[in-house]
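*Asks:* sequence first, predicted coordinates after that:
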Amino acid sequence: MTHSISDVRKQRILFHLTHFLHGGIETSLVSLLSSLDRSRFEIGLTLTYPTDALESHFRELLPADVKVHVLAPEPWLSRCRQLKKARKLGPLGKVYEELLLPPVRKPLLNRRFRRIVGDYDIVVDYDMSLSRLTGRLPVPMIGYQHFSVAHLARGHRRKLRKLRRQCREHYDAVVTLNDSMLRDARALIPEAADKFVRLYNAIDLDSIRTRALASVDAPTQPFIVSVGRLEESQKDFTTLLRAYAQLVKDGIEERLVLVGDGASRAQLEALAASLGIADRVTFAGFQPNPYAWIRRARLMAFSSKMEGLPNVLLEALAVGQVVVSTDCPTGPREILDEGRAGLLVPVGDVQGLAGAIRRGLQDAPLREALLAHAARHIEQMGFGPTALEFSVVVDRLTAAAALPAAAAATA
């Protein structure tokens with residue numbers, strides 16, 4: 001007897017994310033949800049908190065068949081959290097958010113989530129925040145580690161201990177985003193080494209290239225672009241602004257455009273003014289189509305202190321842009337093929353960043369060589385198989401979970 005695809009019950013996957021902000025994690029999640037085979041999977045998504053970014057941008061990008069559940073929609077549960085992220089939470093709000101609310105909020109959200117998860121076969125904790133609310137779940141759980149594990153070993157030991165406990169106790173598999181992250185995770189958390197897998201972010205190169213052709217209100221004069229959330233604890237636009245100020249002194253004609261928004265914007269605007277470059281720097285804010293801005297620039301600069309697999313570098317290569325990036329852990333070195341597809345400089349090196357940007361702008365043979373290599377390299381990085389490789393991990397975990405249930409049923 002043969003069975004059609006419709007006779008086989010689809011696997012039900014529940015993804016989780018704390019909230020939608022304007023970042024690369026959110027963009028990569030939307031890409032992954034869009035890439036999964038709907039003949040095999042039914043997909044849901046839980047969010048801990050509502051945000052303006054969800055309603056103003058991401059809601060229309062999410063596939064229509066993804067059922068979205070918000071665990072804490074009430075303002076009394078979510079408002080102070082939102083103000084804290086925006087660095088606008090006052091002293092009384094901090095007492096409420098950090099001392100009074102957690103003992104009530106955590107068990108409430110745990111109960112709400114467990115009612116939802118009963119309809120699903122597997123959970124994907126896309127920012128590894130869920131297990132802190134729920135602990136171990138009755139279905140397999142995949143965690144996604146988006147940032148450098150090696151970075152935690154250098155000055156963030158408490159966070160590393162927390163990650164080690166999560167990997168050991170809560171997750172059946174933990175996704176790392178590149179080969180360097182995978183090696184670091186297995187070395188630093190050897191007791192969970194067999195749980196780590198490497199999956200690149202799902203990236204739709206054709207869609208990025210198409211959207212890059214759209215019209216945007218970018219400067220008409222030549223400019224350097226940098227794209228990212230304005231959050232200095234990670235992104236280090238301070239070093240970029242200081243490097244650009246040096247280039248201005250040296251007579252560079254290109255403007256600098258920062259595409260993105262975040263809690264550090266006022267700090268960075270003040271720094272640009274103190275460096276005497278405020279009239280040369282455009283703070284463009286969040287842009288729903290950053291690809292068109294990247295394509296129109298003469299060069300893209302990236303100055304992060306640490307990453308996982310920074311989507312914006314992939315997007316720059318996809319649209320044929322020259323890239324200068326810090327060699328931060330992890331991602332840029334692998335994405336830029338050891339410096340052959342883009343220039344790498346040390347983290348926090350103002351002079352090094354300025355010099356690399358100057359070369360990237362003014363050395364025509366170098367630009368040509370970087371772009372030619374990048375065009376080949378981006379096609380070979382294996383983003384196409386991501387959905388299939390993700391499906392293999394899901395199949396393995398759900399099959400393993402089914403064995404005890406089947407044994408119990410026949411006992």
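*Replies:* Sure, I can see it. This one's a predicted model, so the numbers in the text were calculated from it and none came from an experiment.
*Asks:* now do the phi/psi pair for Leu344.
*Replies:* Here is the backbone geometry of Leu344 (degrees, to the nearest 10): phi -110, psi 140.
*Asks:* now it. Nearest residue, chain neighbours left out?
*Replies:* Asp327 (4.2 Å; Cβ to Cβ, 6 or more residues apart in numbering). In short, each C-beta sits where N, CA and C put it, glycine included.
*Asks:* relative to Phe302, how far out is that neighbour?
*Replies:* In this structure, Asp327 and Phe302 are separated by 10 Å, where distance is defined by Cβ to Cβ, to the nearest Å.
*Asks:* more neighbours: which of these two?
*Replies:* Applying other Cβ atoms under 10 Å to Asp327 and Phe302 shows that Phe302 carries more neighbours, namely 29 against 18.
*Asks:* which residues does that one contact?
*Replies:* 226, 228, 310, 312-313, 323-326, 332 (Cβ atoms under 8 Å, 6 or more residues apart in numbering).
*Asks:* who wins for most neighbours among those?
*Replies:* Val324 (29 neighbours).
*Asks:* quick one: low-confidence parts of the stretch 101-250 of the chain?
*Replies:* For the stretch 101-250 of the chain, applying pLDDT under 70 flags no range at all.
*Asks:* mind doing that once more with 80?
*Replies:* Counting by pLDDT under 80, the low-confidence segments of the stretch 101-250 of the chain come to 155.
*Asks:* just the helices from it, written as ranges.
*Replies:* With DSSP state H, counting those that start in this stretch as the criterion, the stretch 101-250 of the chain has helices at 102-117, 131-134, 149-153, 157-169, 179-188, 205-211, 237-249.
*Asks:* mind putting these in a markdown table, distance to Leu71 and mean neighbour count included?
*Replies:* Rendered in a markdown table, the data for those read as follows (distance: least, Cβ to Cβ, whole Å; neighbours: other Cβ atoms under 10 Å):
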| stretch | distance to Leu71 | mean neighbour count |
| --- | --- | --- |
| helix 102-117 | 5 | 15 |
| helix 131-134 | 8 | 18 |
| helix 149-153 | 27 | 21 |
| helix 157-169 | 19 | 15 |
| helix 179-188 | 28 | 19 |
| helix 205-211 | 30 | 15 |
| helix 237-249 | 33 | 22 |
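*Asks:* for Arg12, what are phi and psi?
*Replies:* Dihedral angles of Arg12 (phi, psi; degrees, to the nearest 10) stand at phi -110, psi 120.
*Asks:* OK, contacts around it?
*Replies:* Listed by Cβ under 8 Å, 6+ apart, the contact partners of Arg12 are 41-44, 119-122.
*Asks:* the longest helix anywhere in the chain packs against which elements?
*Replies:* Among the segments of the chain that qualify as a helix by DSSP state H, the longest is helix 386-410. With contacts defined as 3 or more Cβ pairs under 8 Å, 6 or more residues apart in numbering; DSSP states H and E, the packing partners of helix 386-410 are strand 11-17, helix 24-35, strand 122-125, strand 141-144, strand 173-176.
*Asks:* closest one to Gly155 among those?
*Replies:* For those, proximity to Gly155 was assessed by Cβ to Cβ; strand 173-176 is nearest, at 20.2 Å.
*Asks:* now the closest one: buried residues?
*Replies:* Buried positions in strand 173-176, judged by neighbour count with 16 or more other Cβ atoms under 10 Å: 173-176.
*Asks:* mind listing what it pairs with, with the direction of each?
*Replies:* Taking DSSP bridges as the criterion, strand 173-176 sits next to strand 141-144 (parallel), strand 196-198 (parallel) in its sheet.
*Asks:* centre of the chain to it, how far?
*Replies:* Between the centre of strand 173-176 and the centre of its host chain there is 14 Å, according to Cα atoms, centre = their mean, to the nearest Å.
*Asks:* likewise for stretch 289-298?
*Replies:* Its chain's C-alpha centre and that of stretch 289-298 lie 19 Å apart, by Cα atoms, centre = their mean.
*Asks:* and what of stretch 188-206?
*Replies:* Distance of stretch 188-206 from the chain centroid (Cα atoms, centre = their mean) equals 13 Å.
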